[in-house]
Structure formats: C-alpha cells, structure tokens
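Participant: 3D, please:
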Amino acid sequence: MNKKELQNALSQLENVLQKDMFNFNTKKNPLVHFIDKDSKAFREIHNRIESRWKRFQKKNSERILKKTYTTFLNNNFNEFFLYYLNQFFGLNTEQILKLKAKEKVSSRELLLEYNLFIKKIDVNNLQKYFKNSEDAQKGYIFHSYFLFFVVVSLSELLKEIIDEKFELTLEGAKLKEDLKKKTKYIDFLIIVKENRETFHGHYYKMALYFFFRQIKGIPKETLLKLEEGKNELFNFALEKYSLHKTRKRLVDLLYYFYKKCTLLKNISPMLDLINFVNSRVEDSKFSKLDIIKNEYLSNFDYPNGIKGKLEKVFTYLDQKSSTSSTFLANNLPSAVNQANLFLLYNKFYLGSGLEGLEASLLFFPSRFKKKLNNYNSNHENPINSNAIIDINNISNFFSLVSEKDQFNILFQKIFNKQVVDFNYDFFNSFLKSLNEKFLQLISGEEIILSEDGSERKEKFDFSFTMNHICRMIYVLIDKLFLKEDPSEASDNFIDPFGRYVGKNIALRILELELFQDMNFSDDLWPDFLISWNRNKINKKLKDFDVDINISEKHFYTNEQINQLFITYNFDFPSKQLCLEEWLIEDLIEPIHNFIIKIQTSLEDPRNKIEIYEQLGEYFTEGISDEDKIAHIKRLCQKFANFWNLID
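Facilitator: Reported below is the predicted structural model:
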C-alpha cells in the first residue's frame with residue numbers, strides 16, 4: 001500500500017469539503033481533475049484502457065450482432081478499477097476490495113456491487129478522516145464522498161477513451177458490519193448506464209421555457225423560440241414510445257431500484273417513483289388495489305395470508321409516499337419556498353395539537369411519548385397540550401413575516417440554524433422514521449408467518465418485499481400507460497382529452513427513466529436542471545441578445561444540490577435523529593424555550609409595550625446595523641399584538 005498516494009487523495013478531499021467546494025455536478029467539482037495526466041501512472045492506465053478498447057472495437061467490427069460498452073466493461077471494469085485504486089489512491093485492492101456481484105442487465109446497463117473493508121485500510125490514515133468528518137461535515141459520511149471521488153474521476157477517464165454514450169455513477173453506499181468476523185465494510189453499487197444527454201437536453205429546454213416565463217423583461221419573441229424547445233420534447237417522447245422497448249426498459253429501471261433499495265435497505269430512493277405512478281392511477285378509471293389483486297397477486301400460488309400482507313405493505317408505501325412527495329414537492333430553491341415548506345410540515349404535525357402527535361400522525365407515537373415524558377420529568381416547564389398550542393401559534397406567526405431577511409433573523413435566533421438546513425434535517429428524520437416503520441412492518445409480518453408454521457420457500461423479508469413492490473409498479477404502469485399507440489392509453493383515464501392526451505402519456509413514460517438519474521420528486525426536476533446548468537443561463541440570454549441579471553434566489557445552491565444526492569444515495573448519518581426525536585429536540589423545544597424566556601422576563605404578560613420591548617431586545621441582540629434593528633422592531637410590534645394568543 002502506498003500511504004503517500006492515499007494521504008494525498010484524502011487530503012485533497014478533506015480540503016475540498018472544508019471549503020464547501022464539493023459538488024456532485026462533476027463539471028464543477030475540482031476533485032475530478034486531481035490526477036496528474038502527465039504522470040507515468042496515468043499514461044499506463046490510459047494506454048491499457050485504450051488498447052483494450054481498440055481490440056474490442058476491432059472484434060466488434062467483425063461481429064454480425066454488435067456488442068456495446070456494457071460487454072466491454074463487464075469484461076474489463078473490475079481490472080481497471082483495482083488498478084486505478086492501487087495506483088492513484090495507494091490501496092492494496094487484493095486485501096480491501098471484493099467484487100460481490102456483477103450483472104449485465106442489458107446492452108445499456110451494467111451493475112457492479114463491491115465491498116470495501118475498512119479495517120484492512122491503514123487505520124491511522126483513512127479512519128481518521130471518517131471520524132473527523134462526522135462532526136465537520138454536518139454528519140455527511142466521509143466514505144461516501146471518498147467513493148464518489150474515486151468513481152467519478154475514473155468515469156471521466158473511461159468516457160474520454162470509450163467513444164460511446166454512457167455514464168458511470170456511484171448509486172448507493174452503506175456502512176455495514178459483519179458481526180461474526182468483527183469487521184466493518186462499505187457496501188456500494190456502481191452502475192454503468194446509457195447517457196440520456198439528448199433527453200436531458202430536451203427536458204432542460206422545456207424547463208428553460210417555463211423558467212424564463214416567470215422572469216420579468218424576457219421578450220415575447222424569446223419565449224416563442226424557447227417554446228419550440230418545449231414542443232421538441234413532446235415530439236421526442238412520441239418518437240421514443242414503443243410498447244415492446246418500453247417494457248424492456250421498465251424491467252431494467254425497476255431492477256435498478258430493487259438493487260439500490262436492497263443494498264441500502266432503504267425504500268427512500270423509490271418513494272417518489274411510487275407516488276408518481278400511484279397518483280396517476282388515481283386519475284384513471286381503475287383501482288390500484290384491484291389491479292394489484294386481480295392482475296398481479298392472482299398469478300401466485302401464495303396462501304391468502306401472504307397476499308394480504310403484500311397488499312398491506314403496498315398500501316403503507318402508497319400512503320406514505322404521497323405524504324413524502326407532498327413535502328418534497330415544496331422543497332424548491334427560493335427562501336420563500338423554504339419558509340413555506342417549514343410552515344407546511346409545522347401545520348401538518350402541530351396543527352392537531354398534542355393529541356394528534358400521540359395518536360396517528362407519527363410513525364412511532366410511543367417513541368414520541370417516551371421522549372416527551374423524559375423531557376418533562378427533567379424540566380420545570382413541561383411541554384403539555386397548552387404548550388403545543390402555543391408553539392403552533394408561534395409557528396403560525398412566521399407565516400405573517402413577508403420579508404426574507406426578517407424571517408431569517410427570527411428563525412436563526414430561535415433555532416440557531418438557517419431554514420434550508422433545518423428543512424434538510426427534517427427530511428432526513430422523516431425518511432429515517434418512514435423507513436424504520438417499513439422495516440418494522442415487514443419484520444412483524446414475517447414473525448406472524450413464522451408462528452403460523454406453514455412451509456414457505458422464501459422469507460417475508462426486505463428483498464422479498466421489494467421484489468414484489470417493483471413488480472406491482474410494473475403491472476400498474478403496463479395496465480394504464482402501455483399500448484401500441486399512446487392515444488389508445490388515454491381511454492384509461494378520467495380526463496382523456498386534457499392531462500392524458502397521447503403526447504402527455506408518451507412523456508410520462510419517458511419521465512419514468514429520469515427517476516434513475518434524479519430519484520427525487522418530479523416537481524423538483526425543472527428547478528434542479530436549471531440550477532445544474534445555471535452557468536448556461538446567462539449565455540442563453542446573450543444568445544437571444546437579452547440583458548437581464550437573474551437573481552440567485554431562483555437557483556438551488558451547491559449545498560442544496562448535494563443534499564438531494566446525499567439523501568437518496570447514501571446511508572443516514574450515524575447521529576441522525578428519527579422524526580419523533582427530531583420534532584421534540586429541534587422543533588418543539590427551541591420554540592418552547594423561546595416562549596418561556598420571553599414570558600418569564602415580563603412583569604405583566606398582557607402589557608403589549610413590555611412584550612414589544614422584550615421581543616426587540618431578544619431579536620436585536622448582537623445586531624449593529626441600525627436599518628436591520630429598525631426593521632426587526634417594526635416586526636416585533638406585530639409580534640407583540642400576536643402574543644396574546646400565548647397562554
């Protein structure tokens with residue numbers, strides 16, 4: 001093992017992370033180009049890959065049935081990967097890396113699953129970074145960044161040599177432990193897939209059209225030119241619509257989700273796809289469960305008990321994916337959107353009072369009760385039903401704050417965090433509890449089946465369940481969307497001449513494939529693609545001879561983009577709270593403490609002038625800008641009038 005090479009790579013990665021320069025957009029990530037292309041090692045691996053590729057091309061030219069990049073990489077990638085890790089990262093791959101599975105799914109797709117054994121790596125080197133990064137990077141898992149760093153830099157090298165349209169990406173990484181061998185390892189998935197650059201380009205043009213429509217000052221002529229790009233997308237979707245080919249591609253897509261979710265043991269990457277499909281079934285003339293029971297489960301000779309449990313699992317995911325997507329669809333880039341998202345989940349969880357939290361709103365109400373009881377037994381001012389009402393009233397006041405800067409000051413003072421980071425923590429806690437409940441549901445059903453004593457070929461476990469969920473989604477799509485002509489599928493829907501005309505159905509089918517590139521809600525895709533290509537926006541305006549400066553508020557920050565990738569590709573941070581704990585520690589308790597602080601400082605709790613003064617003192621502490629202070633004090637006047645709602 002070359003410790004110098006490993007130290008150099010890790011130091012560069014740590015430096016990029018500390019400077020907040022890490023970016024999942026490889027065009028903006030400085031790590032992609034960290035390798036010295038003039039070095040002897042680089043020339044050696046470049047020549048090795050190039051000579052193999054030329055040999056493959058020569059043989060391919062003689063074949064009647066041509067082979068693609070997946071065949072080439074299926075035969076050669078592991079060797080390239082091991083050599084690359086050894087030469088540029090100083091890792092003894094024979095000892096630390098194991099190819100667990102390799103599957104050539106189709107001519108377009110190759111899946112490779114690896115195990116990286118941490119304890120066999122220099123403990124004083126790599127593990128030091130793993131440990132330090134937990135605190136320094138807000139709980140982001142350092143090994144996930146490290147693997148992304150390795151895979152994406154190798155991908156750039158391969159794409160430079162192999163002249164076919166493909167992508168190579170890290171699609172999931174989870175830290176696991178072998179208790180028998182007492183060793184930790186990282187289980188990770190690499191996918192080689194078709195480059196959807198043409199489709200992305202058409203979709204980006206449509207997003208650009210709707211984006212520029214909301215920008216004041218864009219000439220009508222410019223919008224008309226951009227609208228042509230939107231129409232091109234529908235034409236492209238109609239050209240690609242094919243009953244036979246779509247079925248094959250759907251199988252590949254759903255197998256990808258099966259592999260990814262199973263590796264992570266997490267349903268989160270597939271939630272928005274499930275909602276995308278199920279919400280459209282609700283627009284049809286059919287019932288989801290009727291299709292599942294009559295056209296899918298009826299094909300199996302399982303006992304009715306197992307079929308009923310699969311229906312139960314599907315119903316859980318149907319309901320929770322809808323809730324999840326409702327929240328995520330509001331996770332848009334601007335500060336106003338982020339504030340509205342905060343208000344949305346506040347209303348959802350606090351609007352029904354303590355009774356709702358302790359009954360059915362949460363995944364684990366008993367966990368919430370226990371956490372709350374522990375808090376109340378150790379604090380003089382308990383969080384009871386009245387306190388939750390007060391906390392909800394304070395949350396409601398935020399909806400009256402119209403100016404972004406004022407909202408941020410109030411929010412930062414109470415929560416000691418920016419709202420965008422607060423919302424990210426909410427999503428992580430929400431998805432953690434959702435997935436834990438899903439796992440508990442599956443294991444609970446397996447216990448019931450085990451106690452029954454009936455002989456079964458398969459356990460009712462995560463893999464078994466995910467296999468059936470993916471197949472159920474396939475059956476729903478096939479039933480509603482797949483015909484010889486997309487216009488024929490329109491008859492399946494209540495609105496066949498509006499939202500579900502042929503060209504829209506063709507586009508919905510094509511959009512399914514985008515979930516492999518963007519696992520999150522399709523409501524975010526336009527803003528995501530605009531932000532991903534933000535450097536092109538000004539160039540596009542110059543091409544149209546339009547002189548307009550577009551505000552940064554319209555774009556996701558690099559950190560927000562990274563957060564979207566982290567949420568759906570990597571394991572939860574080790575210190576991640578579940579939703580029930582997070583609600584108390586991060587949401588309820590800070591507002592409760594704020595209320596207590598103001599209330600105990602008042603001689604007369606009904607004196608609005610005194611309330612105004614105490615609020616002003618609290619929120620302006622540490623601020624020297626006179627204009628900001630004046631704005632905040634005006635806001636505190638409104639707050640003082642609002643304070644009479646506090647018990």
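Participant: can you name every helix or strand that the helix or strand where residue 76 lies contacts?
Facilitator: Residue 76 is located in helix 69-89, with elements delineated by DSSP states H and E. Packing partners of helix 69-89 (3 or more C-beta pairs under 8 Å, 6 or more residues apart in numbering; DSSP states H and E): helix 3-18, helix 40-61, helix 93-96, strand 97-104, strand 110-117, helix 142-161, strand 183-194. C-beta: built from backbone N, CA, C; applies to glycine.
Participant: the second one to helix 69-89, inter-axis angle?
Facilitator: The reference is to helix 40-61. Between the axis of helix 40-61 and that of helix 69-89 there is an angle of 170 degrees, by axes from the mean of the first three to the mean of the last three C-alpha atoms, to 10 degrees.
Participant: average pLDDT for helix 40-61, rounded please.
Facilitator: Taken as a whole, helix 40-61 has an average pLDDT of 93.
Participant: re the thing from before, can I get the helices and strands packed on helix 69-89 in a markdown table with mean neighbour count and distance to residue 553?
Facilitator: Output for the helices and strands packed on helix 69-89, formatted as a markdown table (neighbours: other C-beta atoms under 10 Å; distance: least, C-beta to C-beta, whole Å):
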| stretch | mean neighbour count | distance to residue 553 |
| --- | --- | --- |
| helix 3-18 | 16 | 26 |
| helix 40-61 | 14 | 42 |
| helix 93-96 | 15 | 45 |
| strand 97-104 | 15 | 44 |
| strand 110-117 | 21 | 39 |
| helix 142-161 | 20 | 28 |
| strand 183-194 | 21 | 33 |
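Participant: for residue 585, which of those is the nearest?
Facilitator: helix 142-161 (24.4 Å; C-beta to C-beta).
Participant: can you add distance to residue 364 and give the helices and strands packed on helix 69-89 back as a markdown table?
Facilitator: Below are the helices and strands packed on helix 69-89 laid out as a markdown table (distance: least, C-beta to C-beta, whole Å):
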| stretch | distance to residue 364 |
| --- | --- |
| helix 3-18 | 33 |
| helix 40-61 | 50 |
| helix 93-96 | 38 |
| strand 97-104 | 33 |
| strand 110-117 | 31 |
| helix 142-161 | 27 |
| strand 183-194 | 26 |
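Participant: lowest average pLDDT across the ones you listed?
Facilitator: Looking at the helices and strands packed on helix 69-89, the bottom one is helix 3-18 with a mean of 61.
Participant: re the thing from before, contact partners of the helix holding residue 76?
Facilitator: Residues outside helix 69-89 that contact it (C-beta atoms under 8 Å, 6 or more residues apart in numbering): 5-6, 9, 35, 41, 44-45, 48-49, 52-53, 56, 91-94, 97, 99, 102, 104, 106-110, 112, 150, 153-154, 157-158, 162, 164, 166, 192.
Participant: can you list the low-confidence ranges for the stretch 351-500 of the chain?
Facilitator: In the predicted model of the stretch 351-500 of the chain, no residue satisfies pLDDT under 70.
Participant: residue 616 reaches residue 632, doesn't it?
Facilitator: Yes - if you go by C-beta atoms under 8 Å, residue 616 and residue 632 touch, sitting 6.9 Å apart.
Participant: more neighbours, these two?
Facilitator: residue 632 (22 against 19; other C-beta atoms under 10 Å).
Participant: now for the more buried one: which residues touch it?
Facilitator: Applying C-beta under 8 Å, 6+ apart, the residues near residue 632 are 406, 409, 616, 619, 620, 623.
Participant: and if you look at residue 572?
Facilitator: When the contact criterion is C-beta under 8 Å, 6+ apart, the partners of residue 572 are 266, 428, 431, 432.
Participant: which elements pack onto the top helix by length along the chain?
Facilitator: The residue-count maximum for a helix in the chain (DSSP state H) belongs to helix 419-452. Counting contacts by 3+ C-beta pairs under 8 Å, 6+ apart, helix 419-452 packs against helix 268-281, helix 304-328, helix 335-350, helix 404-415, helix 462-481, helix 558-569, helix 579-582.
Participant: please redo it, this time with the cut-off set to 6 Å
Facilitator: Contact analysis of helix 419-452 by 3 or more C-beta pairs under 6 Å, 6 or more residues apart in numbering; DSSP states H and E lists helix 304-328, helix 335-350, helix 579-582 as its packing neighbours.
Participant: buried set for the longest one?
Facilitator: When neighbours are counted by 16 or more other C-beta atoms under 10 Å, the buried residues of helix 304-328 are found to be 306-307, 309-310, 313-314, 316-318, 320-321, 324-325, 327-328.
Participant: of those residues, which is the nearest to residue 502?
Facilitator: Looking across those and measuring by C-beta to C-beta, the closest to residue 502 is residue 325, at 25.5 Å.
Participant: residues contacting the closest residue to that closest one other than its chain neighbours?
Facilitator: Nearest residue to residue 325, sequence neighbours excluded (C-beta to C-beta, 6 or more residues apart in numbering): residue 275, at 4.1 Å. Counting by C-beta atoms under 6 Å, 6 or more residues apart in numbering, residue 275 makes contact with 321, 322, 325.
Participant: Throw the residues you listed into TSV and include distance to residue 418 and pLDDT, thanks.
Facilitator: Formatted as TSV, these follow (distance: C-beta to C-beta, whole Å; pLDDT from 0 to 100):
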residue	distance to residue 418	pLDDT
321	28	97
322	28	97
325	24	95
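Participant: could you redo these as CSV and give each row distance to residue 285?
Facilitator: Listed next are those as CSV, based on distance: C-beta to C-beta, whole Å:
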residue, distance to residue 285
321, 22
322, 20
325, 23
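Participant: show me the domain layout of this protein.
Facilitator: 3-194, 198-329+433-569, 351-419+578-644 (the TED database).
Participant: first vs last residue of the shortest one, how far apart are they?
Facilitator: It stands for domain 351-419+578-644. Taking C-alpha to C-alpha, to the nearest Å, the first and last residues of domain 351-419+578-644 lie 18 Å apart.
Participant: and if you look at the second one?
Facilitator: Between the opening and closing residues of domain 198-329+433-569 lies a distance of 24 Å (C-alpha to C-alpha).
Participant: neighbours around the closest residue to residue 438 other than its chain neighbours, how many?
Facilitator: Excluding the flanking residues, the one nearest residue 438 by C-beta to C-beta, 6+ apart is residue 267, at 5.3 Å. Neighbourhood size, residue 267 [other C-beta under 10 Å]: 27.
Participant: any idea how far residue 267 lies from residue 547?
Facilitator: 48 Å (C-beta to C-beta, to the nearest Å).
Participant: likewise residue 578?
Facilitator: Residue 578 is 51 Å from residue 547, where distance means C-beta to C-beta.
Participant: which of these two has more residues huddled nearby?
Facilitator: Neighbours were counted for residue 578 and for residue 547 using other C-beta under 10 Å; residue 578 has more, 24 against 8.
Participant: tell me the SS of residue 363?
Facilitator: coil (DSSP: H, G, I helix; E, B strand; the rest coil).
Participant: meant to ask about residue 171, not that
Facilitator: Strictly by three-state DSSP, residue 171 counts as strand.
Participant: surely it touches residue 191?
Facilitator: Yes - at 4.7 Å, residue 171 counts as touching residue 191 under the criterion of C-beta atoms under 6 Å.
Participant: nearest residue to residue 333 other than its sequence neighbours?
Facilitator: Going by C-beta to C-beta, 6+ apart, residue 333 has residue 556 as its nearest residue, at 4.5 Å.
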